[in-house]
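> I need the structure of the sequence given here:
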Amino acid sequence: MSVRYLSCGDTAFTVEFGNEISPQINGQVMALHAAIGEAKAAGGLAGVVETVPTMRSLMVSYDPARATRAELQPQIDALIARGLSADSVGRKVRMPCCYDGEEFAPDLAEVAERTKKTPEQVISAHLGSAFKVYVLGFMPGLAYVAGLDPSLYLSRRSQPRVRVPRSTVAIAMDMTTIYPFESPGGWHLIGRTPLWMFDQRREQPVFLAPGDQLTFERIGRAEFDDIARKVEAGTLDWSELIAP
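Sure, this is the predicted structure:
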């Protein structure tokens, strides 16, 4: 496996696995992320502070008082040489989503028109997409989720919205995402989940993680409201959304 190392100042370096975004390359990134975590837990890789996965690379942050890139790079080379499985499986997460009405899906009709589908066909294609969380970014809890059905590929909107409601489900390019907070946004809004992607009351405030496999599950407005009440009250059993 050919990788490239790039310095990021005197406290970090990046391990690049390629120049494209693909499930295979991202799988290798996540496999190295996991392998370094396991090595640290076993007492190895002294000086490594954290690793930050991106779509095609892994940034390794270290304490320069305890280690140098020259010391750490051969150790990481050895981990890579052992073999990294690009097919490593993360959590399997169910994501309830309501696609009903202008309030939740203001762009559904336009997406249907531009992709030459009916709104129901757009929903079916979204539900049937094999989604995987690649990275988190832009704001806390926002996941870039690749794997959108190719028939739904659209560029971002030419005029972004000033306000997109929290928990809105949106698509653009080959991805879907869920807005963790009300914020500006330029993606196409096709639904909403009652779940919060970020909640500081939880032990782990961010719900999704890189490597998660995501399946959207269609719900109606009554079920949306029921789940939303539980989320608001802090009584939802989040473990029920994770496959055993």
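> Quick check: Arg56 touching Val15?
No. With contact defined as CB atoms under 8 Å, Arg56 does not reach Val15; the gap is 10.1 Å. For the C-beta atoms, the positions are set from N, CA and C on the backbone; glycine is no exception.
> more neighbours, those two?
Val15 (23 against 19; other CB atoms under 10 Å).
> can you give me the helices for the protein?
Using DSSP state H, the helices found in the chain span residues 23-41, 69-81, 101-104, 108-114, 119-127, 221-233.
> quick one: low-confidence parts of this protein?
By pLDDT under 70, the low-scoring segments of the chain are 1, 86-89.
> how does it divide up, domain by domain?
The record assigns the chain these domain ranges, following automatic domain parsing: 4-81, 92-241.
> ends of the last one, how far apart?
Looking back up the chat, that one is domain 92-241. 8 Å (CA to CA, to the nearest Å).
> Can you get me the centre-to-centre distance for it and its chain?
11 Å (CA atoms, centre = their mean, to the nearest Å).
> what does the shortest one give?
Relative to the mean C-alpha coordinate of its chain, domain 4-81 is positioned 19 Å out (CA atoms, centre = their mean).
> Straight-line length of that domain, end to end?
With CA to CA, one end of domain 4-81 sits 14 Å from the other.
> Same list, the helices of the chain, but as a markdown table with distance to Leu154 and mean neighbour count please.
Output for the helices of the chain, formatted as a markdown table (distance: least, CB to CB, whole Å; neighbours: other CB atoms under 10 Å):
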| stretch | distance to Leu154 | mean neighbour count |
| --- | --- | --- |
| helix 23-41 | 21 | 19 |
| helix 69-81 | 37 | 14 |
| helix 101-104 | 18 | 13 |
| helix 108-114 | 6 | 17 |
| helix 119-127 | 11 | 18 |
| helix 221-233 | 25 | 14 |
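> What residues does the residue located most distally from the centre of the chain make contact with?
What lies farthest from the middle of the chain is Ala65; by CA atoms, centre = their mean that is 32.9 Å. By CB atoms under 8 Å, 6 or more residues apart in numbering, no residues touch Ala65.
> same thing but at 10 Å, please
By CB atoms under 10 Å, 6 or more residues apart in numbering, Ala65 lies in contact with 11, 47.
> Likewise for Ala130?
23, 146-149, 213-215.
> what's the spacing between it and Ala172?
As judged by CB to CB, to the nearest Å, Ala130 and Ala172 stand 18 Å apart.
> Give me the subset of the contacts of Ala130 lying in strands.
Among the contacts of Ala130, DSSP state E puts 146, 213-215 in strands.
> which ones are touching the nearest residue to Val15 once chain neighbours are set aside?
Excluding the flanking residues, the one nearest Val15 by CB to CB, 6 or more residues apart in numbering is Leu58, at 4.8 Å. Shown in contact with Leu58 (CB under 10 Å, 6+ apart): 3, 13-17, 28-33, 36, 51-52, 76.
> at 6 Å instead, please
Residues in contact with Leu58 (CB atoms under 6 Å, 6 or more residues apart in numbering) are 15, 29, 32-33, 51.
> Okay, and the beta partners of it?
Val15, Pro53 (DSSP bridges).
> Give me the contact list for stretch 204-218.
With CB under 6 Å, 6+ apart as the criterion, stretch 204-218 contacts 30, 53, 90-97, 127, 131-133, 135, 141, 143, 145, 197-199.
> try 7 Å
Residues from elsewhere that reach stretch 204-218, judged by CB atoms under 7 Å, 6 or more residues apart in numbering: 30, 53, 89-97, 99, 123, 126-127, 131-136, 140-141, 143, 145, 195, 197-199.
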